[in-house]
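Visitor: Below is the sequence, then the predicted model.
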Amino acid sequence: MIYHVIYDGNCNLCVNSVKLLEQLDQGKQFRYAPMQDQTTLAQFGITPEDCQLGIILIQSEPPFQRWQGTAAIEEIGCLLPLGDAFVTAYQQLPGAKWVGDRLYEQIRDHRYMLFGQRPTYHSPYPIASDGLCADGGCADPIH
């Protein structure tokens, strides 16, 4: 199954995280689009307001699912080899999920100040390359 990762292509932390995920996955499960790619966002029905809430992960096949923020990061972790054990351990630590959510919000809201900006990064594994959105038929049905 293919998953679509929508990330901030101008954020150094976000781009470096995507590059790491690209190395780990090699395009097997994940396709990527920067939040600055308005054409791709429109195909999924993603608004600028949605992007302000952070990374988005979309399951490309029925049953369609969508995760955002820490939920997206956790789901990505679960999809990686051995990642499920780490995510489960994190989620079971008392208070870790709450702290992780608050930390994510602070980083998300101050990412440019903390990590800087860059020109928009486009992944070598773009969403458009899988052809799923070519006809505009992949608008997010659960949004």
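Guide: Great, that's in hand. Residues are numbered from 1 along each chain as shown.
Visitor: who's in contact with residue 125?
Guide: 22, 25, 27, 30-32 (CB atoms under 8 Å, 6 or more residues apart in numbering). (Glycine included, C-beta is placed from N, CA and C.)
Visitor: Highest neighbour count among the residues you listed?
Guide: Taking other CB atoms under 10 Å as the neighbour criterion, residue 32 ranks highest of these with 27 neighbours.
Visitor: Bridged to that residue, which residues?
Guide: Note on residue 32: beta-bridge partners residue 5, residue 126, judged by DSSP bridges.
Visitor: Let me see the contact set for it.
Guide: 4-7, 18, 22, 123, 125-127.
Visitor: circling back to that earlier point, and which of the contacts of residue 125 is nearest residue 98?
Guide: residue 30 (27.3 Å; CB to CB).
Visitor: is it true that that closest one touches residue 1?
Guide: No: using CB atoms under 8 Å, residue 30 makes no contact with residue 1, being 10.4 Å away.
Visitor: what's the burial count for residue 45?
Guide: Residue 45 has 14 neighbouring residues, counting by other CB under 10 Å.
Visitor: sorry, that was for residue 63
Guide: Count around residue 63 with other CB under 10 Å applied: 7.
Visitor: is it fair to say it lies in a helix?
Guide: No: per DSSP: H, G, I helix; E, B strand; the rest coil, residue 63 lies outside any helix segment and is coil.
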